[in-house]
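Asker: Got a predicted structure plus its sequence, pasted below:
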Number of protein chains: 2
Amino acid sequence: MGKHLDSGELLDLLLHAPDDLLQEKLEYVHPADILQLIHDEEADPRELLSRLSEEQIADIIDEEEEEDKYELLKLFPSIRQEQIVDEMSSDELADLIGSIENEGEAKALLDKMSQENREDVGQLLSYDPDTAGGIMATEFITIYDNKTVQSTLKYLREIADEVENAYSLYVTDRQDHLRGTLDLKDIVTSSLETPIMEVMNPHVLSVPVEMDQEEVIALFDKYSAVELPVVNGDNQIVGIITVDDAMDVMREEATEDIHYMGGVAGEEKVDGSLGESLKSRLPWLLVNLLTAFLASSVVGLFQETIGKVVLLATIMPIVTGMGGNAGTQSMTLIVRGIALGELDRDNALRVFAKECGVGVFTGLVIGVIVAVASALVGGNPVLGLVTGCAMLLNMAVATATGYVVPVVLKKLHVDPALASAVFVTTATDVMGFFFFLGLATLFLPLLL
Amino acid sequence: MGKHLDSGELLDLLLHAPDDLLQEKLEYVHPADILQLIHDEEADPRELLSRLSEEQIADIIDEEEEEDKYELLKLFPSIRQEQIVDEMSSDELADLIGSIENEGEAKALLDKMSQENREDVGQLLSYDPDTAGGIMATEFITIYDNKTVQSTLKYLREIADEVENAYSLYVTDRQDHLRGTLDLKDIVTSSLETPIMEVMNPHVLSVPVEMDQEEVIALFDKYSAVELPVVNGDNQIVGIITVDDAMDVMREEATEDIHYMGGVAGEEKVDGSLGESLKSRLPWLLVNLLTAFLASSVVGLFQETIGKVVLLATIMPIVTGMGGNAGTQSMTLIVRGIALGELDRDNALRVFAKECGVGVFTGLVIGVIVAVASALVGGNPVLGLVTGCAMLLNMAVATATGYVVPVVLKKLHVDPALASAVFVTTATDVMGFFFFLGLATLFLPLLL
């Protein structure tokens, strides 16, 4: 009887406890906690892991981030590696193989696997990693459709080890066609002689192996599912996706969108190398540089006007900057709304009208403030009028652009998070300079 | 035997199927699918729901977004409302009550509840909505610690209805102190005479009722948990949090961060009203306006220089804009890294050094391009040198600021996603103008 072990207790247990106590206690220790100790570098990982079984080490590798799994495995001599690999599930092995950059090492690891695992891994690696097939596990329990509750219970006790991580059982015919699902709770609440066909749910929600992972997440979300079966074109079950994998994908997708909107690669890591960061960011900066040249060339068109009224150069960054802010606000809302499926045919027109309304209204408020300020600084009411009108125009265009750009990108099958920001800020810069300096040129005689 | 119903089949079923067929089929229809039909407005919701039981309607309301739950309930006459409310769980009722803006209506709904539900709801509403207590459910199954597998199985069959949504059973002593957890799989794989104490997991990972919801999500993530028990200060179980609630919170937190970084309120909805949008965005725009005035005043300091070399006005937005982009890149990576717990004491210094390195290196690349371009346009190599140096300086400062701002905000217990962008872009604007126009003023004689 005891509470969850804290990290000090766990460290002590792993390093100093007698073998029998260690194994008894470890039954209730989550591998993520041992992995945490390794990450915290409280002790040499070799020493921490030395007394664990191959199965326990496999579970810990299972918890590790994909790019560091192989580092953990490499702590052990080749024979032990083979034993650990034997304990790993085929989808974990596929991840592990996929994470090894050196082809020779990947090949060597494949050779350490059993024939069956090697085939499974080959099959899994053939799926696109962003699809159901790429994230599914291939360990699941099937029950033939002619069983009863009693014979199923007997079977489950026989394969108790495998049941460990199972939430649902899958009922199939002899050709592996998925006929229904069976929850453990259906079994424990039914009398022993009941046929499985009567307690199973025959209306199975399953996922085709090629479904995009974002769609899979949406299904988990919509149905509050804990586990979904993956089927091939013949409705044969080929894998399962569990909710913890779905959560991982959800977090990855959110990170990717946030990164894209900030102009960094989806997979860039906070503690990555300088080289990785440059590879992630320089391309974006170069694209942005092109758009900056474009905006700057608009200013160049009006150089003569600026030469006559230098104060314009002081005011113009306000007009473009505020337009950029308003456009980014709209774009952020729309990009996230598209990702969450909240923007659809039914509300599209209403949302567009609302965004335009926001642009006009905020443009009026900010426009008046900026107009008054610049009229006072320049000592000229016409300058105020020019600034205010340019501000209003640019903010109205900004929110409309913030709506249109991600919607059009989505239609073109480009991820809206990826490219919207560049287009929106280019538009607000170009338009902002054009409205402001254009109006100033038009009213130039009144500004001198 | 059949596959998941499509929406056309479901619509037909709800509107036209005979009663007995309807109820038989509905056993396997997910309430989210019926809710989808209502959202798609294929038919009058009153008609769609008319033949469903109170329990089925309660399940559908359960699936609805918080702000629209009450709209659904209001479709029904007062007496039916009372029956539906009777079928809802206390945490759902708390959400429902919390979503009603009109105090009189909330009071009237409370009066429709049973005494027990009213007390539970009152208790739940007393927890901060962003804590474990605010997101937990209060329906869970407890087993006393003196039972056996057989008596537990018998008990589960008696309360089969309640078991429907249970994944774990909670073993307590007579005073409700949490002693262990029991998975259904532990029961189905143990012989009938085994004492519960022997099959339960005594090392329970539990969550204090006041824990922040972000920490709760991190635990779900770390331990791949499907359900976590919530305990009070006396280790008495008061609720459970399930992984689907955790996924909802995870999505909400990601949306909040994305919105904050784009300068809109966390809770703004894509299809919200104009008024809500203005309330969400105008404050941000006003804050940004202040910083725009600040940046503009730096330009004002150098008006004389611009008056002499007007080309400077054309080039200066490139220097500030590219600095802004580089700063936003660093900030995005750091803000997300902090949210995911990937930035810690151990790697902080290394990450900071890397960000500075990125700033210097990208500053060199972009600086050289911009220098050559402006030297050519201006026909003056000194102008190129001034532009290039300002660009390099600003980008180096930008990435350093992109690191420092969110880290400092985090230390001050301000959400880094909320305020980082304003500080970073203000810094890159102010510094960009200052470096570029300052250097130009210094070398003015060579630029004329």
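Answerer: Yep, it's here.

Asker: how many neighbours does residue A:262 have?
Answerer: Applying other C-beta atoms under 10 Å in any protein chain shown, we find 28 residues neighbouring residue A:262. The C-beta positions use only the backbone N, C-alpha and C, and glycine is treated the same way.

Asker: quick one: residue A:276 from residue B:103, how far?
Answerer: Distance, residue A:276 to residue B:103, by C-beta to C-beta, to the nearest Å: 55 Å.

Asker: Looking at the two, which one has more neighbours?
Answerer: Counted by other C-beta under 10 Å, residue A:276 and residue B:103 do not tie: residue A:276 has more neighbours, with 16 against 8.

Asker: Quick check: that one touching residue A:269?
Answerer: Yes. Counting by C-beta atoms under 8 Å, residue A:269 is a contact partner of residue A:276 at 7.2 Å.

Asker: Phi, psi for residue A:127 please.
Answerer: Phi and psi for residue A:127, reported as degrees, to the nearest 10, are phi -80, psi 150.

Asker: swap in residue A:47?
Answerer: phi -70, psi -40.

Asker: Go ahead and confirm it touches residue A:15.
Answerer: Yes. Contact criterion C-beta under 8 Å: residue A:47 and residue A:15 qualify, at 6.7 Å.

Asker: Those two - which one has more neighbours?
Answerer: residue A:15 (16 against 10).

Asker: and the more buried one, what helix or strand is that in?
Answerer: Using DSSP states H and E, residue A:15 falls within helix A:7-16.

Asker: I'd like the mean pLDDT over the following helix or strand past that helix, please.
Answerer: Counting by DSSP H and E, the next helix or strand C-terminal to helix A:7-16 is helix A:19-26. Confidence for helix A:19-26, expressed as mean pLDDT, is 85.

Asker: So for helix A:19-26, what gets flagged as buried?
Answerer: Counting neighbours by 16 or more other C-beta atoms under 10 Å in any protein chain shown, one finds that the buried residues in helix A:19-26 are A:22, A:25-26.

Asker: Let me know the distance separating residue A:134 from residue B:236.
Answerer: 44 Å.

Asker: who's more crowded, these two?
Answerer: Using other C-beta under 10 Å as the criterion, residue A:134 and residue B:236 rank with residue A:134 on top: 21 against 14.

Asker: Not counting residues beside it along the chain, what's closest to the residue most central in space within chain A?
Answerer: Compute the mean C-alpha point of chain A, and by C-alpha atoms, centre = their mean the closest residue is residue A:253, 1.5 Å away. Distances taken as C-beta to C-beta, 6 or more residues apart in numbering or on different chains place residue A:214 nearest to residue A:253, at 6.2 Å, with adjacent residues excluded.

Asker: got it, and residue A:256?
Answerer: Distances taken as C-beta to C-beta, 6+ apart put residue A:266 closest to residue A:256, at 3.6 Å, once the chain neighbours are dropped.

Asker: so what's residue A:328 up against?
Answerer: Going by C-beta atoms under 8 Å, 6 or more residues apart in numbering or on different chains, residue A:328 touches A:402, A:421, A:424-425, B:262-263.

Asker: Tell me the one of those residues nearest residue A:245?
Answerer: Taking C-beta to C-beta as the measure, residue A:245 sits nearest to residue B:262 out of the contacts of residue A:328, at 28.9 Å.

Asker: mind showing which ranges of the stretch 151-300 of chain A have poor pLDDT?
Answerer: Scanning the stretch 151-300 of chain A for pLDDT under 70 picks out A:163-165.

Asker: residues in contact with the residue of it found nearest chain B?
Answerer: Proximity of the stretch 151-300 of chain A to chain B (C-beta to the nearest C-beta) peaks at residue A:262, 2.5 Å away. Neighbour list for residue A:262: B:261, B:328-329, B:331-333 [criterion: C-beta under 8 Å, 6+ apart].
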